[in-house]
Every structure is written in C-alpha cells, then in structure tokens.
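>>> how would this look folded up:
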Amino acid sequence: MKAKSLFVLSRERHAGTLFIALGLMEILRRNYKRIAFFKPISESPSKDDDIETIRETFGLSQSGEEAWAVTELEARNLLSAGDEERLYELIIERYEALKKSYDFVLCAGSGGENLLEIVDFDLNLKIAKNLSSPVAGVVSARERSLEDAENEISLWYYTMREEGVEPLVFFINHVSDPLSCRVKKADKKRNVPCFPIPYESELDRPAVLDLLEATGADPLIMKSPKQLERTIRRPLVAAMRPEHFLERFEKGDLVIVPADRSDILLAVYAANHSTVFPAASAVVIGGDFDPAENIMELLRSDENFRIAVIGAKSDTMDIAMQVQNCAAVLTPRHKRKIALALGHFSRYVDASSIVKSLAEADVDIVTPAMFLHRIFASAAEAQKHIVLPESADERVLQAAETVLRRNIAKLTLLGDRESILNRAGILGIDIKEASFVDPQKSPYRERFVQRLYELRRDKGMSREDAAELMENSTYFGTMMVCEGVVDGMVSGATHTTRETVRPALQIIKTKPGIDIVSSVFFMCLETRVLVYGDCAIVPDPDPEELAQIAISSADTARAFGIEPYVAMLSYSTGESGVGEDVEKVRRATEIAKRLRPDILIEGPMQYDAAIDPEVARKKLPGSRVAGRATVFIFPDLNTGNNTYKAVQRSTGAIAIGPVLQGLKKPVNDLSRGCSVEDIVSTVAITAIQAAHS
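Take a look at the predicted model:
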C-alpha cells in the first residue's frame, strides 16, 4: 500500500518538529491537491499553536477540530487507567476520517510534559505504527556533535525497524557547523535520506510579540503590527550614559530603559536615523511613571521611526529577566520567522529525494487496533441486524450497550423485555435502543415451528419436536436468521459450540459448492493480521473438505480487507516430501485451484516458507505465495488449534474468533470464557459477513 501519510516525530523535546513539519508541508502541497495536518494528541481542546500555525500558513481547508483526536489530559488519563488501546482507537478513528477526505495527511507527534511524566515508551512511535505511517525522524545536535547525532539516528533506525515502523527520512537539526550540512554523505548503513540542518539563531529567539504576551505589557508607539514580529537578539538594560549605551548597542537588541531616561530614548531615535549605528528590535520603557510626553510625541510623529515602543510597569531588571525566560515559538503571528524557517529548510533539504521516497514507500502495517477499528467502521456502515439469544448473561448486556452506543449494528435480544431492562438497570446499562423478542410470546413462534417442521420432517422430525425446539433460544435465534427477520446471530457465551453450530447446520445450511462449516481465527500480530483455518471445527478434513476450507478462508479474508495469499501447510515444502499426510495437502491444493482459479493458492509448504521471504527464496523460488502468505490452512484441527494457541501465547498476538464460515447466512460462536470485547468484535464480524453473504 502506497504511503498516504508521514509522521514527524522526535525522541526529545525542542528538537524542532514544527520547523520540520512546516518544511515538509511546503513540499507536500506542491505534489498533492488536498492535504491535511494531524496532531493526534493536542495540547488543548481550545487552541493548539502547532495546528493553527500549519493551518493558517498553508491555508488548509480542514477545521481545527479535525486536526486532533485527544488532548494531553485525556491521553494521560487513558494511559494512567491502563487503557492504551482506547487511546489508539480514538486516534485511528479521527485519522481514518481525515484519510477519506484528503489525499495526504502530515502527522506530528506530541511531547508535552503531562505525557512525559508517565510514559516510559515511545508513545509517538506506537501511534505512527497504529496509523500505518512512515516516519520522518528529527534529532537535535544542539548539545551533541554531528557524529553523535548520526549515531543516535542509527540506533533509532534499527529500533523503528524492529517495531515494524518504516523510517522514511531523518533530519539533524541545530548543527553548529553550516559547512558540514552542505556535504551530502552516502549512507551505506541505511537506505534512508538524512539531512543535517545548521543552527539558525533567529529561529531560536523570541519575538517582540512574545514579550508582550509573556509580560502583559502594552505598545505605546506601534506604526505597523509587523514591528512586533522582530526577533530579540538580547535584552540590553540601558541605565548608563548615552555614549556608553551606544558602545554596547547591537542590531536586534531589545533596549530596556527607565521612564526618566529621555537621553537614552533620544540616542535610540538618533541611531534609527543613522547608517552607522544599528536598529533596536524594540524599546521597553519600565517603571511606575510615564516618560516625557514631548519626547514621546517626537517619536510618535516621525514616520521614519519604525521601532515599537512598549510600556511596562515592572522595573528594568525584572523586564530583562522576563525576556531571558521568554520562549521562542512559531505561531501564525510569527510570519517573518515562518518565512525564514521555510527558506532555511529548503536551502538544506532536497525536496525531490523526499518526494521520491514517498513514492517508493510501501507501507503494509495493520496493528490490532487498526484492524478492530476497520471492523467496527465497516460494520457501522453496513448497519446489519444481529440477534443475541443469551440475554441473561451480564457480559452480553454490557456488549449490547457498547454495540448500540458505537452504532456497530442493530440488535435484538431474546427474552422478556421488562426482565432484561430491569437487569440492565441494576447493572447501570442502557440498552433501550435494542429490540426485544420473547420466544414464548412472539408472533413469530408458530411460523417458525411450521418452517422448522418443513425443513426437517424428511429427517424424522415431528411438528411436536419442532415446537419443543422453538423453546430453545438458540434454535429460535437461528430461525430468525433463516427467515430474514435478522441478518445474523452471535451465541456461545453460555452455550457450547455444538449447541450453536448444530441448529445453523440444520436450518441455515451451507453455501452452494460448500459441504462443510469451518472456521478461521484472525491472528492480530503487532504489525499485520493473518488468517488461520481451520482451528476449531473440522477435526480431520479429507482433500475435498480441506480445499473447501481454503476457499472459504480466502473469501473470509477478502471480506475483511485482507488480500488472500493462501498457503496450504504441511511438514514438507513443494515436491520434497512424500507420505499420506503431505499427499492429502497436495491433492487439496489441486482441487482448490481448479475450483477457484481466481485465488492464489499454493502448497504444500512449511510454515517458515509461507511467512518468511528469505526462507521462501530458498525453498520455493519464484512462488507468488511463499514468503507473503496471509491465509494459512492447516492440515487438521490438531495442528491448527495448537499452532494458533502457540502463536497467541508466545507473541502476544490477539486471536479473534473462531469465525464460522461456509453458512448461507452468518452465525458465530463465542467461547464460554469470552470477554465483553470478544462479544462486541464478534457482533461486528457477523455484521460484515452478513453484508457479504
């Protein structure tokens, strides 16, 4: 998948990520029509200077609210509560909405003190991974040599690769030697461009307007707002005689003068008209009394005097200290500094190499949080109707509330409406938006009894037997699916797999061309999602059944946005092995290919050849599946069940399933030890299956 975003981040504060973001946005707007800026964690819900600076500088069409997902305080609370996944979920939700409306999204990390106090991992890097975004890394050489900064990048590069994040470009900011930034060295260790950028002192200085905001001082004379954009080289307290003041006076100094020193004011005025002496950035008049009015009138009336004069109530030394503590920032009001920043960036950064790197970047990261978000978003778009037969279970009620609040699906709960709502009220759960059907009193009851009798009478079922089975909530819910009253069913929190699957086989039955119901697990690894089948239903499939499992699993993968590359697993690869077990897999592969030539299916192959490109090149050179498999078909239940559990426990992968496949309409089984989150995700999966059935 071609990169449609870039994430600017640093491992340290004050490295200059906003400066880099400005330069990158200038490059991007030449190559993409619709660009958005996204800062996942914002400093404040009302105003974030970084967001506003980018939006106003480049005239972005997006609103400020679109440019962030959570505040630093909200992020801190979620992390403190151990709910890191919810943080990623909120960020992904806002980011995906931007991706739908814009051609490219430039993202920027956050490093606020509120987060640094509690985060002991690189949170921004994890966010970049969850957004499947390549990274532009920023390192500062302010307090280190260029060589040390390059070593830092090397360590960071390998950390990113181990985390599954794609480093696209690195920047070394604040380099002390400008000459070294002109020499582009070939990087033989990393095939990633790296740009040293020299220190520009003016970008590191506060402007006059920053002083006004920090001190609450007021302009006494200001002939143009641009005068407030001038940067302050240093504070110069002018309490000496004019001749000594002029000896120390340098260009860009902020002249701080007591209100009774009209002689210094006149010296600044004269210097302003001279071609020999420098000009001040501004003049600050301190003290509790006003300067001489005739002197002020002289300065005010001369149109050639273009220096802001500011009045402050503090004494001169306090003002000097305030200037020293004033931070250098970039906001929409700092237009002169922004222009300087853009020029400085373009002078030392090769835009064409960044454009080329973006064009060549192939990012294929799918984290568990991303996969779940996509499932929930797809289910919400489909708006299918799912029945939950086990309304007496507290977990089911909690899950129902989540499904309804997130608009994942419409729900029907089986049981007496008042009893269910009373139970929910005791638990503090709001499920009033659900529908309720009591199998004992439902007008569907007689219709379902008759339909079940017609479906099963040739198997020896009497009408009395059918009526008795309709007392069972699972049979009743399955019949609702069969008759189109609802689109799918999720059960198993209090019922066995047999009790869930058997009614589906008897009533809904399998799709044309498929003779068996099988299952898959979605194995959510750190940076990708794999499909394992069958790990839960069919104990020892014959070649025809194994081929059907492969076909069903490929269709399931595609329905969930996973391009199927199907590996038929065995203990040998290619033609090397012999024996009954490997022959079964070989025969199943041939059958599956003949039945569905549109699916890439290869086998037999070992697991390492299926998943590892290096092993694949040795064992199956030229294979279109080996080394890139996304769907893994195990030869039997013993192998599949043990493998999925081994991968789950040893890697920390999230296993979602079993997801039943092969039925005409979707019914899915839960584990009796399922969590509320398991039920919610299974409802979403069932809704997506219903949309594709």
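>>> Report the spatially nearest residue to the most centrally placed residue in the chain, omitting neighbours in sequence.
The residue lying closest to the centre of the chain (Cα atoms, centre = their mean) is residue 131, at 3.1 Å. Leaving aside its sequence neighbours, residue 131 sits nearest to residue 95 (Cβ to Cβ, 6 or more residues apart in numbering; 5.4 Å). Bear in mind the C-beta positions are built from the backbone N, C-alpha and C, glycine included.
>>> residue contacts, the residue nearest to the centre of the chain?
5, 7, 40, 91, 92, 95, 107, 370 (Cβ atoms under 8 Å, 6 or more residues apart in numbering).
>>> Of those, which is the nearest to residue 421?
residue 92 (33.2 Å; Cβ to Cβ).
>>> so where's this structure shaky on pLDDT?
1, 111-121, 179, 182-190, 362, 577 (pLDDT under 70).
>>> Helix, strand, or coil at the residue located most distally from the centre of it?
In the chain, the residue that sits farthest from the middle, by Cα atoms, centre = their mean, is residue 294; the gap is 61.8 Å. The three-state label given to residue 294 by DSSP: H, G, I helix; E, B strand; the rest coil is helix.
>>> Would you mind measuring from it to residue 317?
Separation of residue 294 from residue 317 (Cβ to Cβ, to the nearest Å): 27 Å.
>>> From the contacts of residue 131, which land in helices?
91, 92, 95, 370 (DSSP state H).
>>> Report how many residues lie close to the second one.
In other words, residue 92. 24 (other Cβ atoms under 10 Å).
>>> Leaving out the residues flanking it, which one is nearest to it?
Per Cβ to Cβ, 6+ apart, closest to residue 92 is residue 373, 4.5 Å.
>>> For that neighbour, give me its contacts.
Residue 373 touches 89, 92, 93, 96, counting by Cβ under 8 Å, 6+ apart.
>>> The nearest residue to the third one once chain neighbours are set aside: what secondary structure?
Right, the one you point to is residue 93. The shortest distance from residue 93 to any non-neighbouring residue, by Cβ to Cβ, 6+ apart, is to residue 373 (6.3 Å). Following three-state DSSP, the label given to residue 373 is helix.
>>> again with residue 521
strand.
>>> so what's it up against?
531, 532, 533, 535, 536, 644, 655, 656, 657, 658, 659.
>>> Among those residues, which are located in helices?
residue 644.
>>> rewinding a little: my read: the residue nearest to residue 131 touches residue 37, true?
No - judged on Cβ atoms under 8 Å, residue 95 makes no contact with residue 37 at a distance of 11.6 Å.
>>> any idea where the helices of the stretch 301-450 of the chain begin and end?
Listed in chain order, the helices of the stretch 301-450 of the chain (DSSP state H, counting those that start in this stretch) span 316-324, 335-348, 351-360, 368-382, 394-405, 417-427, 444-456.
>>> which one among the contacts of residue 131 gets closest to residue 404?
Of those, the one sitting nearest to residue 404 (Cβ to Cβ) turns out to be residue 92, at 21.0 Å.
>>> do you know how far the closest one is from residue 367?
9 Å.
>>> okay, now residue 201: neighbour count?
By other Cβ under 10 Å, neighbour count at residue 201 equals 10.
>>> going forward can the numbers begin at 716, since that is how I track them
Sure, I'll start counting at 716 from here, so that last one is residue 916.
>>> Kindly provide the distance from it to residue 737.
Distance from residue 916 to residue 737, by Cβ to Cβ: 18 Å.
>>> can you pick the most crowded of the contacts of residue 1236?
That'd be residue 1248 among these, by other Cβ under 10 Å, with 30 neighbours.
>>> count of neighbours near the residue nearest to residue 1307 when sequence neighbours are not counted?
Spatial nearest neighbour of residue 1307, excluding adjacent residues (Cβ to Cβ, 6+ apart): residue 1262 at 4.0 Å. By other Cβ under 10 Å, 25 other residues sit near residue 1262.
>>> For residue 1262, list the residues it contacts.
1303, 1304, 1306, 1307, 1310.
>>> Now name the helix or strand holding it.
Using DSSP states H and E, residue 1262 sits in helix 1258-1274.
>>> got the end-to-end distance for stretch 1230-1243?
From its first residue to its last, stretch 1230-1243 covers 31 Å (Cα to Cα, to the nearest Å).
>>> Give me the buried positions along that stretch.
If you call a residue buried by 16 or more other Cβ atoms under 10 Å, then stretch 1230-1243 has these buried ones: 1231, 1232, 1233, 1234, 1235, 1236, 1237, 1238, 1239, 1240, 1242, 1243.
>>> Columns distance to residue 885 on top of the residues you listed, output as JSON lines?
Converted to JSON lines, the buried residues of stretch 1230-1243 look like this (distance: Cβ to Cβ, whole Å):
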{"residue": "1231", "distance to residue 885": "53"}
{"residue": "1232", "distance to residue 885": "52"}
{"residue": "1233", "distance to residue 885": "47"}
{"residue": "1234", "distance to residue 885": "45"}
{"residue": "1235", "distance to residue 885": "40"}
{"residue": "1236", "distance to residue 885": "38"}
{"residue": "1237", "distance to residue 885": "35"}
{"residue": "1238", "distance to residue 885": "33"}
{"residue": "1239", "distance to residue 885": "30"}
{"residue": "1240", "distance to residue 885": "27"}
{"residue": "1242", "distance to residue 885": "21"}
{"residue": "1243", "distance to residue 885": "25"}
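>>> Please identify which pair of those lies farthest apart.
The largest separation in those, counting by Cβ to Cβ, is between 1231 and 1242 at 32.6 Å.
>>> chain center to the helix holding residue 1262, what's the gap?
Its chain's C-alpha centre and that of helix 1258-1274 lie 31 Å apart, by Cα atoms, centre = their mean, to the nearest Å.
>>> which residues touch stretch 1400-1408?
1090, 1093-1094, 1097-1099, 1101, 1123-1124, 1202-1205, 1270-1271, 1274-1275, 1371, 1374, 1376, 1379-1383.
>>> Same question for that stretch: list its buried residues.
1400, 1401, 1402, 1403, 1404, 1405, 1406.
>>> Need phi/psi at the residue lying closest to the second one once chain neighbours are set aside.
Going back to what we said before, that points to residue 1401. Closest residue to residue 1401 apart from its sequence neighbours, by Cβ to Cβ, 6+ apart: residue 1203 at 4.0 Å. When quoted as degrees, to the nearest 10, the phi and psi of residue 1203 stand at phi -170, psi 170.
>>> Residue 1203: neighbour count?
Residue 1203 has 27 nearby residues by other Cβ under 10 Å.
>>> Quick check: bridge partners of it?
Counting by DSSP bridges, residue 1203 forms beta bridges with residue 1101.
>>> List the contacts of the residue farthest from the centre of the chain.
Per Cβ under 8 Å, 6+ apart, neighbours of residue 1009: none.
>>> Residue 1356 too?
Counting by Cβ under 8 Å, 6+ apart, the residues that residue 1356 touches are 1250, 1251.
>>> check which helix or strand covers it.
helix 1352-1366.
>>> and that helix, which residues are buried?
1352, 1354, 1355, 1356, 1358, 1359, 1362, 1363.
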